[in-house]
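Engineer: here's my sequence, what's the structure:
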Amino acid sequence: MTYNLQSNEDKNYTKTLKIIKKYCDVLDLKEGIPKKAEEIYLDVYDKSKIKGKRLETLIAGIVYLACKRNKVSLL
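Structural biologist: From the prediction side, this is the model:
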């Protein structure tokens, strides 16, 4: 048998990074936005207000916030 050594937090983190990368690729954002979005995610991860929210919705908001902080226009 094979045992997975990753914890649930590690699995969520790697899933989050994949979704951030996917969103940034679709929107063609390359100016450090994925790294900034990752930093924002780590800042808000433990907040009780976001517990139970859909991960895709949360990441979409984080990518938007990262774009706003880096003054990148999405239009």
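
Engineer: use CA for all of it now, contacts and neighbours both
Structural biologist: OK.

Engineer: dump the helix or strand bottoming out on mean pLDDT in the chain to CSV, restricted to CA.
Structural biologist: Across the helices and strands of the chain, mean pLDDT, DSSP states H and E gives its lowest value to helix 8-26, namely a mean of 87. The C-alpha coordinates for helix 8-26 follow below in CSV (Å, rounded to 0.1, in the frame of the first residue of the first chain):
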residue,chain,number,x,y,z
ASN,A,8,-4.7,18.3,4.5
GLU,A,9,-3.2,21.7,4.8
ASP,A,10,-0.4,20.8,2.3
LYS,A,11,-3.0,19.4,-0.1
ASN,A,12,-5.1,22.5,0.1
TYR,A,13,-2.0,24.7,-0.4
THR,A,14,-0.8,22.8,-3.5
LYS,A,15,-4.4,22.9,-4.9
THR,A,16,-4.5,26.6,-4.2
LEU,A,17,-1.2,27.2,-6.1
LYS,A,18,-2.5,25.3,-9.1
ILE,A,19,-5.7,27.3,-9.2
ILE,A,20,-3.8,30.6,-8.8
LYS,A,21,-1.5,29.6,-11.7
LYS,A,22,-4.5,28.6,-13.8
TYR,A,23,-6.3,31.9,-13.2
CYS,A,24,-3.1,33.9,-13.9
ASP,A,25,-2.5,31.9,-17.1
VAL,A,26,-6.0,32.5,-18.4
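
Engineer: can you mark which positions in that helix are buried?
Structural biologist: Buried residues in helix 8-26, counted by 16 or more other CA atoms under 10 Å: Tyr13, Thr16, Leu17, Ile19, Ile20, Lys21, Tyr23, Cys24.

Engineer: tell me the spacing between the second one and Glu9.
Structural biologist: Pointing back at Thr16 there. 10 Å (CA to CA, to the nearest Å).

Engineer: chain center to stretch 52-71, what's the gap?
Structural biologist: With CA atoms, centre = their mean, to the nearest Å as the basis, stretch 52-71 stands 7 Å off its chain's centre.

Engineer: output the contacting helices and strands for the strand or helix carrying Lys68.
Structural biologist: Lys68 is part of helix 55-69, with elements assigned from DSSP states H and E. Counting contacts by 3 or more CA pairs under 8 Å, 6 or more residues apart in numbering; DSSP states H and E, helix 55-69 is packed against helix 8-26, helix 33-44.
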